[in-house]
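J.: When you get a sec, could you give me coordinates for this:
(2 chains)
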Amino acid sequence: RKEVEQDPGPFNVPEGATVAFNCTYSNSASQSFFWYRQDCRKEPKLLMSVYSSGNEDGRFTAQLNRASQYISLLIRDSKLSDSATYLCVVNMNTGFQKLVFGTGTRLLVSP
Amino acid sequence: EADIYQTPRYLVIGTGKKITLECSQTMGHDKMYWYQQDPGMELHLIHYSYGVNSTEKGDLSSESTVSRIRTEHFPLTLESARPSHTSQYLCASSVTVNTEAFFGQGTRLTVV
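T.: Got it, this is the predicted structure:
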């Protein structure tokens, strides 16, 4: 089983739609969770951190479910500019600590 | 904007050449990382460092080597480049392993 798993997509949605991505992680001791956005041929950039209580930043909402070991990202009112790959990132505490990136979920927002 | 810089941005080089990819950050971060990413594929951790004189290999086996003589500098070296090394190399840094990582813009390497 991969340490961090995401549905690669692509998710094709029209402008204005609401879309949600899930990400599961294997290490129950993980403490830090993030969503990154990566545009084609660019470096990943932090979209938001994920807190235990859940957090919201404008049209984006992130949630953590420790019991089921998954995090989610909800995007409301999708814009064309939201088209990108969304990477789930989890810190792993197995032997040495490191940040593990999921394979990413590709989102395509169409007019 | 993150203060982490990679040079060169693009490099085309012949087989057998020695190359060094530079990565510098001005944020005083102890943790630094090198990732390799092929187009449309996932990121693979190839090297990381917890601080000066600390370097470890990552999950993906790589023929490259790294050094960490100064906090702000984490160069990656390929002694003899091969076409199989063609890829994008991304450098990142973080305050701790529990905080977010900031990425440089990457070096797109092509070995011909």
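J.: could you measure A:F34 against chain B, distance?
T.: Counting by Cβ to the nearest Cβ, to the nearest Å, the separation of A:F34 from chain B is 5 Å. For the C-beta atoms, the positions are set from N, CA and C on the backbone; glycine is no exception.
J.: pLDDT score assigned to that residue?
T.: In this model, A:F34 is scored at 95, pLDDT.
J.: Run a quick check on it versus A:N55, I expect a contact.
T.: No: contact criterion Cβ atoms under 8 Å: A:F34 and A:N55 do not qualify, at 11.3 Å.
J.: the more surrounded of the two?
T.: Using other Cβ atoms under 10 Å in any protein chain shown as the criterion, A:F34 and A:N55 rank with A:F34 on top: 22 against 14.
J.: what's the next secondary structure element after the strand or helix carrying that one?
T.: Assessed by DSSP states H and E, A:F34 sits inside strand A:33-38. Sequence-wise, the next helix or strand downstream of strand A:33-38 (DSSP H and E) is strand A:45-50.
J.: Give the pairing partners of that next one; include direction for each.
T.: strand A:33-38 (antiparallel) (DSSP bridges).
J.: and chain B, which of its residues are near chain A?
T.: Neighbours of chain A within chain B, by Cβ under 8 Å from any Cβ of the partner chain: B:33, B:35, B:39, B:41-43, B:45, B:48, B:56, B:58, B:88, B:90, B:94, B:97-106, B:108.
J.: Now, of the residues you listed, which are buried?
T.: B:33, B:35, B:42-43, B:45, B:48, B:58, B:88, B:90, B:94, B:97, B:100-106, B:108 (16 or more other Cβ atoms under 10 Å in any protein chain shown).
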